[in-house]
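Q: No sequence on hand, only this structure:
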């Protein structure tokens, strides 16, 4: 069963001597908190943060070119993009482009705490997207 929620600012709670990073999720329908139990595993689906147009160094962690030995403006360039013989760029070549704003699912997040009055579910770890982004929570079935 898919349950809609909104991402809130990430926080932390203390369990004994441990600091546990948690993401509070405000359920659209507060009555749906009955669906969850503490300690169960869920998967959260959302849209990641948009990063705009990014080059290959940030997008794919390319090393870039050398800063010395006669180089002027090749520090963040991708290098060669193919051989001379095909006279075209092979499809799938890693190049600069739009990054982020993609649907992403994080599985096996543990429900740490439930606030039934406030309609909040706290899951351990981070979830995709910006604060206020709509998310979908699903129970993991064996």
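A: Received it, and whenever you're ready, just let me know what you need. Everything quoted here is computed from the prediction, not taken from an experiment.
Q: looking at the chain, which helix or strand is least sure?
A: Evaluated with mean pLDDT, DSSP states H and E, the helix-and-strand set of the chain has its lowest mean pLDDT in strand 11-15, which scores a mean of 93.
Q: What is that one packed up against?
A: Counting contacts by 3 or more CB pairs under 8 Å, 6 or more residues apart in numbering; DSSP states H and E, strand 11-15 is packed against strand 18-27. (C-beta placed from N, C-alpha, C; glycine too.)
Q: Quick check: next helix or strand after the strand it packs on?
A: Past strand 18-27, heading to the C-terminal end, the next element that is a helix or strand (DSSP states H and E) is strand 41-47.
Q: who does the next helix or strand after that following strand pair up with?
A: Using DSSP H and E, the helix or strand that directly follows strand 41-47 along the chain is strand 50-54. In its sheet, strand 50-54 lies beside strand 97-100 (antiparallel), with partners assigned from DSSP bridges.
Q: buried sites along the partner strand?
A: Neighbour counts using 16 or more other CB atoms under 10 Å place residue 99 of strand 97-100 among the buried residues.
Q: ok, residue 28 - contacts?
A: Counting by CB atoms under 8 Å, 6 or more residues apart in numbering, residue 28 touches 3-6.
Q: among the residues you listed, who's most crowded?
A: Ranked by neighbour count (other CB atoms under 10 Å), the contacts of residue 28 have residue 5 at the top, with 25 neighbours.
Q: What score does the residue lying closest to that one once chain neighbours are set aside have for pLDDT?
A: Using CB to CB, 6 or more residues apart in numbering and skipping the chain neighbours, the partner closest in space to residue 5 is residue 25 (4.1 Å). According to the model's per-residue confidence, residue 25 sits at a pLDDT of 97.
Q: residues touching residue 25, list them.
A: Counting by CB under 8 Å, 6+ apart, residue 25 touches 5-8, 44, 120-123, 127, 135, 137.
Q: give me the low-pLDDT residue ranges for the chain?
A: Flagging of the chain using pLDDT under 70 yields the residue ranges 142.
Q: Please parse it into its domains.
A: Structural domains of the chain, as assigned by automatic domain parsing, span the residue ranges 2-49+101-139, 53-100.
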